[in-house]
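K.L.:
got a predicted structure here, sequence first:
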Amino acid sequence: MGLHVFNTLTRKKEEFAPLHPGVVRMYVCGPTVYDHSHLGHAKSYISFDVVVRYLRFLGYRVLYVQNITDVGHLSDDADMGEDRIERRSRVDRVHPMQLAETYTQSYFEDMDALGVLRPDISPRASGHIVEQLELVQTLLEKGHAYEAEGSVYFDVSTFERYGSLSGRTVDEMVAGVRIEVKTEKRHPADFALWKRAEPGHILRWASPWGEGYPGWHLECSSMSMKYLGQSIDIHGGGLENQFPHHECEIAQSECATGAPFVKYWIHNNMVTVDGRKMGKSLNNYITLKEAFARWSPQVVRFFILQSHYRSTLDFSESAVLGAAKGFEKLQTAYHRIGDALKGSGGKHPGGAGLNPERFRAAFTQAMDDDFNTPRAIAVLFDLAREIHQILDRGEAMSSSALAEVKSLFDQLSGEVLGLDLTGGGVGQGALEAELIDLLISLRQEIRTRKLWELSDSIRDRLGELGVSLEDTREGTTWRKGMPRPPASTPTQNQPPPESDRQSMKPELPKNVRKVFGEDGEN
């Protein structure tokens, strides 16, 4: 059958055939680094990590590029609003590039913990201004863009296929605009290639049209073409980026080069909470660092892989704990193989009827069907079940047969799915979460008996350990953060008197003070 991939552009599964035999050039939209990553980011980057891993497993040479957006992503995802990094920098009272550096490091820390392979190239938007200016100039020269009051916009009327990826018409796009259209645009659907920097905007560069900064869509086209060429095999990203981001990438790239931009578009679906998208704007997200305090990163990865990348994944604590138990079952089977291999000594000639190739074929068939990780994991459970049955019956397996099965587990679960089964358990985080839930359950029983002082004591002691409780009509929820000292214990970390706080404000660079004001406030 061979690998088949669902192509968002054609809306159907297609047999995978790269532009150059044996080589895959792949670009994935990376994070906008203004905050810590959350579970929604994990679903996206774990999904594409598995795509890269499986392509390499099949023998392809993959060049994987994933950008870092550190400028130009405005708050409404289009051409209006504030730069997300500059807005957050005012809150944190740091330079925007310091903020971007902090959260870039945080992003890679989280991805490393999840077992996500580092991209081969991780270019930053702010480091490729020259390439973006060159692309804008090309589009102007070819009549696909126009200058207006120091900004440059792409003229969507010059690209007849605009909307082909998302399936939207230009009229529908205009009807869906959430903000008042700027009068400097010729058409409401036109999008910014280069934005004029307003007074006080820190991130700005010189250009032929005045000081400004690149539009969000421009960076991915520029960096993709710089490192991968005019036409690439795979472009990935979240479903929410299909429009306007990816739609605009296609238009500006193909108008600049005259060549097809991407052969296969792959989009992952979102994480939801009670059926609603998880995101910062809804304040219903959990950061990966918070998640890792409760569950091991490998459990989080396993939880995500239990859903297909094109399906939504509904988050709940019970669902993650269920994934932890499933992951532990695979670990148990893996360790039983290792223990049996240590004790086999090569004495037993038989293989007890277990055929590893049957499981390899079933696993490959699942992954060939558009990277179907839930079916692939089901194959691993079938393998684990058969191993338990053989070992429970006391049937002898030769050391070579045991080693072959162990190698199969290492290859399928580790090399392809990125799961580490070598740990002794699901990690302290899962046990910690269950213990906290137990304490909350006991506290609820105490509250029904109206033992309020004891109930408050449990809440306060958990707070001292960094676990904050919130009592709602639906029940008690908890979140882990920094431990706090007992209320009765003096601490030098207590906030200073109001009269002393002004003198403790950090000194800001001069160019930042021009924006924030001398006291650091905007």
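P.N.:
Yep, that arrived.
K.L.:
for the stretch 1-150 of the chain, which segments count as strands?
P.N.:
Applying DSSP state E, counting those that start in this stretch to the stretch 1-150 of the chain gives strands spanning 4-7, 12-15, 23-28, 61-66, 145-148.
K.L.:
same check on the stretch 401-522 of the chain?
P.N.:
Using DSSP E, counting those that start in this stretch, the strands found in the stretch 401-522 of the chain span residues 467-472, 475-480.
K.L.:
repeat for the stretch 151-300 of the chain
P.N.:
Secondary structure of the stretch 151-300 of the chain (DSSP E, counting those that start in this stretch): strands at 151-154, 191-196, 212-214, 232-238, 262-268, 271-273, 276-277.
K.L.:
can you lay out the ones you listed as CSV showing distance to V467?
P.N.:
Any C-beta I mention is one placed from the backbone N, CA and C, and that applies to glycine too. Shown next, in CSV, are the strands of the stretch 151-300 of the chain (distance: least, C-beta to C-beta, whole Å):
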stretch, distance to V467
strand 151-154, 49
strand 191-196, 44
strand 212-214, 42
strand 232-238, 31
strand 262-268, 32
strand 271-273, 20
strand 276-277, 25
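K.L.:
mind checking which of the ones you listed is nearest Y27?
P.N.:
Closest to Y27 of the strands of the stretch 151-300 of the chain, according to C-beta to C-beta: strand 232-238, at 5.1 Å.
K.L.:
give the buried residues for the closest one.
P.N.:
Neighbour counts over strand 232-238 (16 or more other C-beta atoms under 10 Å) mark 232-238 as buried.
K.L.:
that strand packs against which elements?
P.N.:
The helices and strands touching strand 232-238, judged by 3 or more C-beta pairs under 8 Å, 6 or more residues apart in numbering; DSSP states H and E, are strand 23-28, helix 39-57, strand 262-268.
K.L.:
go through the strands of the stretch 1-150 of the chain and name the closest to P297.
P.N.:
Among the strands of the stretch 1-150 of the chain, the nearest to P297 by C-beta to C-beta is strand 61-66 (19.0 Å).
K.L.:
mind listing what the nearest residue to Y285 once chain neighbours are set aside touches?
P.N.:
Closest residue in space to Y285, ignoring its immediate chain neighbours: H38 at 4.2 Å, by C-beta to C-beta, 6 or more residues apart in numbering. Neighbouring residues of H38 by C-beta atoms under 8 Å, 6 or more residues apart in numbering: 278, 280, 285-288.
K.L.:
give me the lowest-pLDDT entry from these.
P.N.:
Note: of those, the lowest pLDDT belongs to K280, at 69.
K.L.:
hmm, which helix or strand of the protein has the shakiest average pLDDT?
P.N.:
When each helix and strand of the chain is scored by mean pLDDT, DSSP states H and E, helix 498-501 comes last, with a mean of 38.
K.L.:
of all pairs in the buried residues of strand 232-238, which one is the farthest apart?
P.N.:
Greatest spacing in the buried residues of strand 232-238, by C-beta to C-beta: D233 and G238 (19.1 Å).
K.L.:
out of the strands of the stretch 151-300 of the chain, nearest to T448?
P.N.:
Nearest to T448 among the strands of the stretch 151-300 of the chain is strand 271-273 (27.9 Å), distances taken as C-beta to C-beta.
K.L.:
other SSEs contacting that closest one?
P.N.:
Secondary-structure packing of strand 271-273 (3+ C-beta pairs under 8 Å, 6+ apart): helix 39-57, strand 313-314.
K.L.:
least reliable of the ones you listed going by mean pLDDT?
P.N.:
Lowest mean pLDDT within those: strand 313-314, a mean of 94.
K.L.:
how far away is the residue nearest to L9 when sequence neighbours are not counted from K195?
P.N.:
The spatial neighbour of L9 that comes closest, neighbours along the chain excluded (C-beta to C-beta, 6+ apart), is W265 at 4.7 Å. From W265 across to K195, the span is 26 Å (C-beta to C-beta, to the nearest Å).
K.L.:
again with L465
P.N.:
Distance from L465 to K195, by C-beta to C-beta: 47 Å.
K.L.:
between those two, which one's more packed in?
P.N.:
The neighbour count for L465 versus K195, taken as other C-beta atoms under 10 Å, is higher for K195 (24 against 12).
K.L.:
before we move on, back to that, need the strands of the stretch 401-522 of the chain in a markdown table (columns: mean neighbour count).
P.N.:
Shown next, in a markdown table, are the strands of the stretch 401-522 of the chain (neighbours: other C-beta atoms under 10 Å):
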| stretch | mean neighbour count |
| --- | --- |
| strand 467-472 | 14 |
| strand 475-480 | 14 |
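K.L.:
which one of these lies closest to P260?
P.N.:
That would be strand 475-480 among these, by C-beta to C-beta, at 47.0 Å.
K.L.:
now that closest one: mean pLDDT?
P.N.:
For strand 475-480, the mean pLDDT works out to 70.
K.L.:
going forward, count from 6.
P.N.:
In the new numbering, first residue 6, that becomes strand 480-485.
K.L.:
coming back round to it: quick one: closest of the helices and strands packed on strand 237-243 to G327.
P.N.:
Nearest to G327, of all these, is helix 44-62, at 15.6 Å by C-beta to C-beta.
K.L.:
buried sites along that closest one?
P.N.:
Going by neighbour count (16+ other C-beta under 10 Å), the buried part of helix 44-62 is 44-61.
K.L.:
so in this protein, which helix runs the longest?
P.N.:
Ordering each helix of the chain by length in residues (DSSP state H) puts helix 322-349 first.
K.L.:
for that helix, packing partners?
P.N.:
Using 3+ C-beta pairs under 8 Å, 6+ apart, helix 322-349 is in contact with helix 302-310, helix 378-397, helix 404-414, helix 433-453.
K.L.:
to G7, which of those helices lies closest?
P.N.:
Distance to G7, taken as C-beta to C-beta, is lowest for helix 378-397 among the helices and strands packed on helix 322-349, at 16.1 Å.
K.L.:
next, the angle from the closest one to helix 44-62.
P.N.:
Between helix 378-397 and helix 44-62, the angle comes out at 70 degrees (axes from the mean of the first three to the mean of the last three C-alpha atoms, to 10 degrees).
K.L.:
can you point out the buried residues in helix 378-397?
P.N.:
Those would be 378, 381-382, 384-385, 388-389, 391-392, 395-396, for helix 378-397 by 16+ other C-beta under 10 Å.
K.L.:
check stretch 317-324 too.
P.N.:
Neighbour count says stretch 317-324 has 317-318, 320 buried, by 16+ other C-beta under 10 Å.
K.L.:
quick one: contacts of that stretch?
P.N.:
Applying C-beta under 8 Å, 6+ apart, the external contacts of stretch 317-324 come out as 44, 48, 274-280, 283, 291, 308-309, 312, 438, 442.
K.L.:
then stretch 414-430?
P.N.:
Identification of contacts with stretch 414-430 by C-beta under 8 Å, 6+ apart yields 51, 54-55, 58-59, 62, 119-122, 301, 303, 306-307, 310, 332-333, 335-336, 338-340, 342, 364-365, 368, 372, 378, 381-382, 384-385, 388, 436.
K.L.:
what sits against M116?
P.N.:
For M116, the contacting residues are 42, 50, 123, by C-beta under 8 Å, 6+ apart.
K.L.:
tabulate the buried residues of stretch 317-324 (JSON lines), appending distance to L223.
P.N.:
Output for these, formatted as JSON lines (distance: C-beta to C-beta, whole Å):
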{"residue": "T317", "distance to L223": "30"}
{"residue": "L318", "distance to L223": "31"}
{"residue": "F320", "distance to L223": "33"}
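K.L.:
out of the residues you listed, the closest to S111 would be?
P.N.:
Nearest to S111 out of the buried residues of stretch 317-324 is F320 (C-beta to C-beta; 20.4 Å).
K.L.:
phi, psi of that closest one?
P.N.:
Per-residue torsions, F320: phi -90, psi 140 (degrees, to the nearest 10).
K.L.:
how many neighbouring residues does A366 have?
P.N.:
For A366, using other C-beta under 10 Å, the count is 12.
K.L.:
buried stuff in the one helix or strand it maps to?
P.N.:
If you go by DSSP states H and E, A366 is part of helix 361-373. For helix 361-373, the neighbour count (16+ other C-beta under 10 Å) marks 361, 364, 367-369, 371-373 as buried.
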